[in-house]
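Chemist: what follows is a predicted structure for the sequence shown.
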Amino acid sequence: MPVSTRSKAIMNHEQSRRQEYTNPHQGLKEKMRALTLLYEQQKRASFSLRNNPNHLHHSPKPQDLRFKPPEMLDSCKKLHKDPNFADDETKENNVADADLVFGTNTAPVKSSTVIRKLSMGNGAEKGENFEACGGSRIMVFVRLRPMGKKERENGSRCCVKVLNKRDVYLTEFTNDNDYLRLKRLRVRHFTFDSSFPETTTQREVYSTTTGDLLEAVLEGRNGSVFCYGATGAGKTYTMLGTMENPGVMVLAIKDLFAKVRERSLDGNHTVHLSYLEVYNETVRDLLSPGRPLILREDKQVMALLQRGNQNRTTEPTRCNETSSRSHAILQVVVEYKTRDGSMNVISRVGKLSLIDLAGSERAIATDQRTLRSLEGANINRSLLALSSCINALVEGKKHIPYRNSKLTQLLKDSLGGSCNTVMIANISPSNHSFGETQNTLHWADRAKEIRVKGCEVNEEVVVQVSEGPDQAKLVLELQEENRELRVKLVEQEQKVLTLEAETIAAANNNISPTPPSISSLMTPPSALTAQQKKKPRHSLLSGTCFTPESSKRRKAEDAVKELQLTVKALKMEMERMKREHVVQMKKQKEELMKELCSKKSEKTPERGKETTTRRIVTRGSLRPKEREKELIKSPSHRFASPAAPAKKRSFWDITVANSPSLDRRKTRSHVLPVNQEAPSMLLQPGFARPRTTTTTTQKKH
Ligand SMILES: Nc1ncnc2c1ncn2[C@@H]1O[C@H](COP(=O)(O)OP(=O)(O)OP(=O)(O)O)[C@@H](O)[C@H]1O
């Protein structure tokens with residue numbers, strides 16, 4: 001049974017010709033609707049032409065072209081279909097005419113140039129292009145690959161048509177056996193910055209997508225090109241190509257070195273190259289494989305690129321015999337150094353990242369073996385992460401989930417950073433890959449919305465000090481001043497150290513001399529307690545509480561205060577003792593006088609005895625006074641141990657104690673004449689010798 005279709009204009013030539021002639025279904029209703037629409041469109045177009053003569057130069061907005069009702073397109077194609085179209089170009093013209101009729105693509109499109117050129121960040125230099133882009137955004141291109149031999153053999157039909165190097169039409173064929181949906185054929189329309197039909201050469205793709213980017217990289221800006229698409233869609237071919245038809249990577253490096261050679265007269269260029277692979281969420285260096293590496297840049301040469309690509313993980317899948325199972329990233333860093341008029345060194349660093357992503361695919365499209373499944377899962381995971389990032393960027397979210405995969409981490413700069421970014425979406429013409437192609441086109445269309453930050457020049461200016469005589473003098477003066485300041489600093493430090501040492505020594509001297517036990521003995525307890533009560537408590541809130549200097553100072557002050565108190569207490573004690581002593585001496589004197597008087601009254605006084613008595617009285621009254629003077633005068637007494645006054649006191653006490661009653665008081669002058677055998681406390685060094693007594697006794701005898 002003959003099968004009707006409404007997408008002849010974008011079908012394979014042979015098939016379309018065959019099917020076009022045999023299509024009996026030409027719905028009258030559809031025709032009527034299309035004619036009505038056409039009439040309305042023309043009416044509107046003529047009206048706007050009358051009001052605005054410049055209308056002819058108006059370029060349609062991309063969103064006007066997107067997702068048109070398929071019926072309109074289909075009807076249009078039918079109305080203008082030329083059953084005799086023999087080649088692709090004819091087909092393109094037919095559909096282009098249809099668009100013109102509908103007034104959606106009235107502007108003449110230059111086929112060889114990109115309408116919206118890359119934003120180079122510098123509005124002044126590239127203001128036109130920048131404005132044309134409506135700001136800095138990702139540039140999105142689509143490349144359609146030719147139908148493969150195998151695909152033709154197994155009866156694949158072309159479901160994609162690229163027109164005007166810009167518009168992409170995707171036709172969804174119905175199943176030939178699904179009679180109910182025969183009329184529900186849908187064509188989707190997409191518009192990109194540039195779209196490349198299957199006949200486009202590698203050089204054309206490179207110059208349109210990456211040529212301008214390379215210029216910007218040489219000026220010190222960052223640029224990224226990444227290929228996205230289903231497995232077998234032509235990503236590796238676009239990025240790397242073959243020996244006969246080298247791809248973007250090879251052409252970019254060739255171009256780069258040619259440009260560097262041109263510019264090398266005015267400065268020095270250094271080119272760093274690294275070729276990385278992200279396989280199963282592990283980053284590997286393709287130039288020295290075998291070990292995973294943390295992202296780094298490697299100084300290598302371009303010759304290693306081919307070898308690196310041989311190291312890339314590839315496996316045959318059902319869709320592609322040499323399917324890349326990893327994402328490959330070639331990074332070229334160009335450093336440019338020159339000097340300006342003031343001899344300052346200007347350094348510009350631009351980075352170009354060329355990324356060949358692994359194929360986006362459904363699990364069913366690959367073999368279901370374990371390793372393949374794992375690879376597929378990882379590829380899908382990273383591509384899912386990529387799509388999440390794209391979604392977040394388009395929606396203007398604050399958090400972009402770059403960390404979800406290694407791939408998005410690597411593409412962070414390209415997607416959301418300060419970078420000129422180009423995305424090339426590769427698609428297959430086969431209707432068997434319709435789903436993948438639709439997804440790719442959908443994501444590419446969405447990626448157009450991503451806006452990136454203004455790409456600024458990565459420039460560093462190193463100011464050089466010119467070596468004139470004034471500068472040299474200034475440098476010498478500054479060096480001399482610096483030296484003097486250093487010497488002063490050392491002197492000050494020494495002074496501080498000396499002061500600290502003195503403070504510590506003083507504090508130690510003040511604290512150590514009087515052990516607490518002794519001071520407590522010598523200090524009146526009441527006075528000390530009162531003083532202790534007055535002592536201020538260290539507060540945690542006081543700023544100096546925890547500083548070592550303040551604590552040392554405080555200790556020294558406390559020690560001095562304590563000593564002052566001790567001295568005061570000692571003085572008071574001495575005064576008291578002096579008073580007591582005077583009182584005691586008076587008493588003794590009175591007692592002696594009484595005794596003498598009573599004895600005088602009993603006996604007749606003898607001359608010798610009077611002399612002895614007089615002498616004893618004299619010594620007894622004088623000696624304590626001398627001691628007293630000594631005590632007052634002697635400065636050592638102030639610091640004498642408490643035992644000394646106790647001993648001295650004990651001397652007087654003993655003297656008193658040895659005379660329990662005034663009657664029994666024994667003195668050399670009184671006792672010895674009475675009882676010579678009795679022990680005498682006066683037989684002490686410094687006291688009168690017994691000779692005197694003996695003499696007295698002999699005199700007695
Ligand atoms: N523009 C083109 N012209 C001629 N042949 C092409 C073109 N694009 C792709 N091919 C061929 O199609 C086949 C698949 O292409 P390629 O390996 O580049 O796909 P891929 O997208 O990288 O797939 P995968 O993701 O599985 O690695 C290759 O044989 C390649 O030579």
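Modeler: Done, it's in.
Chemist: switch to C-alpha atoms for all contacts and neighbour counts from now on
Modeler: OK.
Chemist: in a helix, Gly220, correct?
Modeler: No. Counting by DSSP: H, G, I helix; E, B strand; the rest coil, Gly220 is not part of a helix but coil.
Chemist: give me the neighbour count for it.
Modeler: Gly220 has 23 neighbouring residues, counting by other CA atoms under 10 Å.
Chemist: thought it was touching Ile346?
Modeler: No. Between Gly220 and Ile346 there is no contact under CA atoms under 8 Å: 10.9 Å.
Chemist: so Leu256 belongs to a helix, correct?
Modeler: Yes. Under three-state DSSP, Leu256 falls within a helix.
Chemist: point me to the residue of the stretch 351-500 of the chain nearest the ligand.
Modeler: Minimum separation of the stretch 351-500 of the chain from the ligand (CA to the nearest ligand atom) falls at Gly359, amounting to 3.3 Å.
Chemist: so who does that residue touch?
Modeler: Neighbour list for Gly359: Tyr228, Gly229, Ala230, Thr231, Gly232, Ala233, Ser323, Ser324, Arg325, Ile379 [criterion: CA atoms under 8 Å, 6 or more residues apart in numbering].
Chemist: just give the nearest non-adjacent residue to it, would you?
Modeler: What sits nearest to Gly359 in space, not counting adjacent residues and going by CA to CA, 6 or more residues apart in numbering, is Thr231, at 4.0 Å.
Chemist: can you pull the pLDDT of that neighbour?
Modeler: Looking at Thr231, its pLDDT is 84.
Chemist: how near is it to His269?
Modeler: Separation of Thr231 from His269 (CA to CA, to the nearest Å): 38 Å.
Chemist: in terms of neighbours, single out the busier of those two.
Modeler: It is Thr231, of Thr231 and His269, that has more neighbours when counted by other CA under 10 Å, with 29 against 21.
Chemist: dump the residue contacts of the nearest residue to Ile138 once chain neighbours are set aside.
Modeler: Among residues not flanking Ile138 along the chain, Thr421 sits closest, at 5.1 Å (CA to CA, 6+ apart). Applying CA under 8 Å, 6+ apart, we find Thr421 in contact with Arg137, Ile138, Met139, Gly223, Ser224, Val225, Ser414, Leu415.
Chemist: just give me the least confident of these.
Modeler: The weakest per-residue confidence within the contacts of Thr421 falls on Ser414 (72).
Chemist: residues of the stretch 101-250 of the chain that sit close to the ligand?
Modeler: Contact residues, the stretch 101-250 of the chain versus the ligand (CA under 6 Å from any ligand atom): Arg145, Pro146, Glu198, Ala230, Thr231, Gly232, Ala233, Gly234, Lys235, Thr236, Tyr237.
Chemist: 8 Å instead, please
Modeler: 143-146, 148, 198-202, 228-239, 241-242 (CA under 8 Å from any ligand atom).
Chemist: return the subset of these lying in helices.
Modeler: Among these, the members found in helices (DSSP state H) are Gln202, Lys235, Thr236, Tyr237, Thr238, Met239.
Chemist: report pLDDT for the third one.
Modeler: Right, Thr236. For Thr236, the pLDDT comes out at 89.
Chemist: surely Ile346 touches Thr338?
Modeler: Yes. Ile346 is within contact range of Thr338, at 5.3 Å (criterion: CA under 8 Å).
Chemist: any idea which helix or strand carries the residue nearest to Ile138?
Modeler: strand 420-427 (DSSP states H and E).
Chemist: quick check, Lys351 in a strand?
Modeler: Yes. Per three-state DSSP, Lys351 lies within a strand segment.
Chemist: now for it, how many residues are close by?
Modeler: Neighbours of Lys351 using other CA under 10 Å come to 24.
Chemist: correct me, but it touches Glu219?
Modeler: No. Here Lys351 does not reach Glu219: they are 10.1 Å apart, not a contact under CA under 8 Å.
Chemist: intersection of neighbour lists for these two?
Modeler: With CA under 8 Å, 6+ apart, Lys351 and Glu219 have no common neighbours.
Chemist: about what we covered before: pLDDT at the residue of the stretch 351-500 of the chain closest to the ligand, what is it?
Modeler: Per-residue pLDDT puts Gly359 at 76.
Chemist: same question, His189
Modeler: 92.
Chemist: what's the answer for Arg553, then?
Modeler: Looking at Arg553, its pLDDT is 76.
Chemist: quick one: least confident helix or strand in the chain?
Modeler: Least confident helix or strand, the chain: helix 88-101 with a mean of 31, by mean pLDDT, DSSP states H and E.
Chemist: partners of Val349 in the sheet?
Modeler: When bridges are called by DSSP bridges, Val349 pairs up with Glu335.
Chemist: shaky segments in the stretch 101-250 of the chain?
Modeler: Applying pLDDT under 70 to the stretch 101-250 of the chain picks out residues 101-136, 175-185.
Chemist: do you have the strands of it handy? List them.
Modeler: 139-144, 160-163, 167-172, 186-191, 194-196, 223-229 (DSSP state E, counting those that start in this stretch).
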